[in-house]
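Chemist: Okay, sequence plus prediction incoming.
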Amino acid sequence: MPLSKDPGRGGTNADGTHSEKYCGYCYLSGEFTYKTDNVKEFQEHCRQMMRQKGMNPLVAWLFSRGYARLERWKR
């Protein structure tokens, strides 16, 4: 999620500061909210959440394609 679209403008680090890397839906208090090491599983979870909020399935798929390039999945 683009941080500009995140209601909280980003998640929170362990010290309470705002994260400039991850959104508030994914990252709170220095931890990822969805615990998985599998990017494909995470992508499917996010697509389902976006569809529940009324997003077109194709658009949800397009948004989730770039997740594998995020720092979380590079480690």
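Modeler: Thanks, I have it. Predicted, not measured: the structure shown is a model, and the values here were computed from it.

Chemist: how does this protein divide up, domain by domain?
Modeler: For the chain, automatic domain parsing gives the domain ranges 1-33, 36-69.

Chemist: Need these in a markdown table (columns: mean pLDDT and mean neighbour count).
Modeler: (Each C-beta comes from the backbone N, C-alpha and C, glycine too.) A markdown table is the format used below for those (pLDDT from 0 to 100; neighbours: other Cβ atoms under 10 Å):
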| stretch | mean pLDDT | mean neighbour count |
| --- | --- | --- |
| domain 1-33 | 88 | 14 |
| domain 36-69 | 93 | 13 |
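
Chemist: mind listing the strands for the chain?
Modeler: Shown for the chain, the strands assigned by DSSP state E span residues 27-28, 31-32.

Chemist: any chance of these in a markdown table, with distance to Asp15 too?
Modeler: As requested, the strands of the chain are exported to a markdown table (distance: least, Cβ to Cβ, whole Å):
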| stretch | distance to Asp15 |
| --- | --- |
| strand 27-28 | 13 |
| strand 31-32 | 13 |
